[in-house]
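Q: Okay, sequence plus prediction incoming.
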Amino acid sequence: MKDKKLILKEKMDEIETVVYQTLKPKGFRKHGGTLHRFVSEDISQVINFQRGPAYYNETHLMWVNLGIRVPECDERKFILSEPMKKFYKEYECTIRSRLGEIDGEKERCFNLKRNVAKISSEIIDDIENKVLPVYDILSTREAILAHRSKYPHFDMQRYLILLDEVMIYGHLGDMDKATELFEMYYQNQVKEDAKHPHIAYLDKLAVSLHLR
């Protein structure tokens, strides 16, 4: 008889494969538990499968994480110097969420003890009808600047929107707009807590980005 852990892993692998076969024609490539595609050359769109930890006895549970990575927002550099990787992981993304959360509800947790075909169908339905339409809109820097705030449930890091916009405008060469937004973000942070370590980080960032 197969080990229960092995059975759960095989079921998760099967779900990932089924979902990948649906998304492969749309430009996604599979890298372990991560499905990834590049849009606008260097913006990443990510769908990641995550199992629960053994120490919580949750290895039978699975979540589907979502992410969009804008390089300059992750690297905090206007001029990108790091060589591009083959793919990026969800935790490196600028805009992040999970299935379930994108509906404004609690994250969806899939029980791997259930029928694999049914789980796969539910995930594919959510991705095709709720995720990909947003991914297709937020596929360029200009579109992210214009439309990101319309999808708050896709954006658990929306408190960084203003700082991310600084990075995008700077990368696009609009230093006046980048400087304006940086000072706006900086003053907002000072009002919240002038002694927070984040303020010192922003002071150093301003120097490195030649905003001051």
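A: Looks like it arrived, so ask away.
Q: Could you pull out the helices in this structure for me?
A: Counting by DSSP state H, the chain has helices at residues 4-23, 71-75, 116-126, 132-137, 141-147, 161-171, 175-192, 197-208.
Q: Where among those helices is average confidence lowest?
A: Lowest mean pLDDT within the helices of the chain: helix 4-23, a mean of 91.
Q: quick one on the thing from earlier: could the helices of the chain go into a markdown table alongside mean neighbour count?
A: C-beta here means a position set from N, CA and C on the backbone, and glycine is covered the same way. Listed next are the helices of the chain as a markdown table, based on neighbours: other C-beta atoms under 10 Å:
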| stretch | mean neighbour count |
| --- | --- |
| helix 4-23 | 16 |
| helix 71-75 | 20 |
| helix 116-126 | 16 |
| helix 132-137 | 16 |
| helix 141-147 | 16 |
| helix 161-171 | 22 |
| helix 175-192 | 15 |
| helix 197-208 | 13 |
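Q: Nearest residue to the residue nearest the centre of the chain in space, please, no chain neighbours.
A: Residue closest to the average C-alpha location in the chain (C-alpha atoms, centre = their mean): G67, at 1.8 Å. Take G67 and drop its neighbours on the chain: the residue closest to it by C-beta to C-beta, 6 or more residues apart in numbering is C93, 2.9 Å away.
Q: what's the burial count for D155?
A: D155 has 22 neighbours, counted by other C-beta atoms under 10 Å.
Q: residues contacting the nearest residue to it once chain neighbours are set aside?
A: Nearest non-adjacent residue to D155, counting by C-beta to C-beta, 6+ apart: I95, 5.2 Å away. I95 sits next to 67-68, 138, 144, 148, 151, 154-155, 157 when contact means C-beta atoms under 8 Å, 6 or more residues apart in numbering.
Q: Of those residues, which is the nearest to K106?
A: F154 (15.3 Å; C-beta to C-beta).
Q: burial count for the closest one?
A: Other residues near F154 come to 22 when the count uses other C-beta under 10 Å.
Q: Pretty sure it sits against Y135.
A: No: between F154 and Y135 there is no contact under C-beta atoms under 8 Å: 9.3 Å.
Q: Pull up the overlap in contacts between those two.
A: Contacts common to F154 and Y135, judged by C-beta under 8 Å, 6+ apart, are absent.
Q: what's the closest non-adjacent residue to I43?
A: V70 (5.8 Å).
Q: burial of the one you found, as a residue count?
A: Neighbour tally, V70, other C-beta under 10 Å: 24.
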